[in-house]
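J.: Pasted the sequence and its predicted model underneath.
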Amino acid sequence: GAVVSQHPSRVICKSGTSVKIECRSLDFQATTMFWYRQFPKQSLMLMATSNEGSKATYEQGVEKDKFLINHASLTLSTLTVTSAHPEDSSFYICSASGGVNTEAFFGQGTRLTVV
Amino acid sequence: AQSVTQLGSHVSVSEGALVLLRCNYSSSVPPYLFWYVQYPNQGLQLLLKYTSAATLVKGINGFEAEFKKSETSFHLTKPSAHMSDAAEYFCAVSVRQAGTALIFGKGTTLSVSS
């Protein structure tokens, strides 16, 4: 299958700082990317959907000013957690799709710890 | 609204035994159904998917699942468990085409003992 690379795999940041997570499709053009959040021992919850060149669509309850998503190219989407707090600590996973009726491939996830 | 329910948050089997992980879905339109596996601190790997073709779907690593509309179920099975199958398993549904956002179940942890 296609490869989606997420970076970094782990990050520790101080409370109040911002952290950027990158999601790259390495061998296909991702017209749509999805960002999920996973709390310990829990399922994945969709945070937002981004289409290349458009503003992201956020799920209910997700603060768009806190979780900034940029999908400026067909191979890269970024999630920036602004003014991070300990409650933002979580596992963030992206997936990328080449379009309708094509499979969405997942990145390996980013473990964010805010101290 | 669509939803997925995975029965049993933790399943334990012996090596060589049958694996059965249960998934029921709710959808007002024909669903697309998926099973993913997740190893600790890693992303998700697709095991198999149902997209309205054959109701018995074969996936990787010897897993298969059967779509039963009358029971709204999509249970995952494997005839003989291996130690390497120990992981977290997620059932997911999408009511649109593949390549769109997924709604996940809460996951089932599979433990395999020797």
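T.: Looks like it arrived, so ask away.
J.: Identify the residue of chain A closest to chain B, quick one.
T.: In chain A, the residue found nearest to chain B is residue A:97; the distance is 3.7 Å by C-beta to the nearest C-beta. (Each C-beta comes from the backbone N, C-alpha and C, glycine too.)
J.: Assign a three-state SS to the most centrally placed residue in chain B, would you?
T.: The centroid of chain B falls nearest to residue B:35 when counting by C-alpha atoms, centre = their mean (3.3 Å). Per DSSP: H, G, I helix; E, B strand; the rest coil, the local secondary structure of residue B:35 is strand.
J.: hang on, it packs against residue B:63?
T.: Yes - counting by C-beta atoms under 8 Å, residue B:63 is a contact partner of residue B:35 at 7.0 Å.
J.: Can you work out which residues contact both of these two?
T.: Shared contacts of residue B:35 and residue B:63 (C-beta atoms under 8 Å, 6 or more residues apart in numbering or on different chains): B:47-48, B:76.
J.: so of these, which ones are in strands?
T.: Using DSSP state E, the members of the shared contacts of residue B:35 and residue B:63 that fall in strands are B:47-48, B:76.
J.: Just name the closest of these to residue B:21, please.
T.: When these are compared for distance to residue B:21 (C-beta to C-beta), residue B:76 wins out at 4.3 Å.
J.: Excluding sequence neighbours, find me the nearest residue to the closest one.
T.: Take residue B:76 and drop its neighbours on the chain: the residue closest to it by C-beta to C-beta, 6 or more residues apart in numbering or on different chains is residue B:21, 4.3 Å away.
J.: mind listing what that neighbour touches?
T.: So residue B:21 contacts B:6, B:8, B:11, B:35, B:75-77, B:89, B:91, B:108, B:110 (C-beta under 8 Å, 6+ apart).
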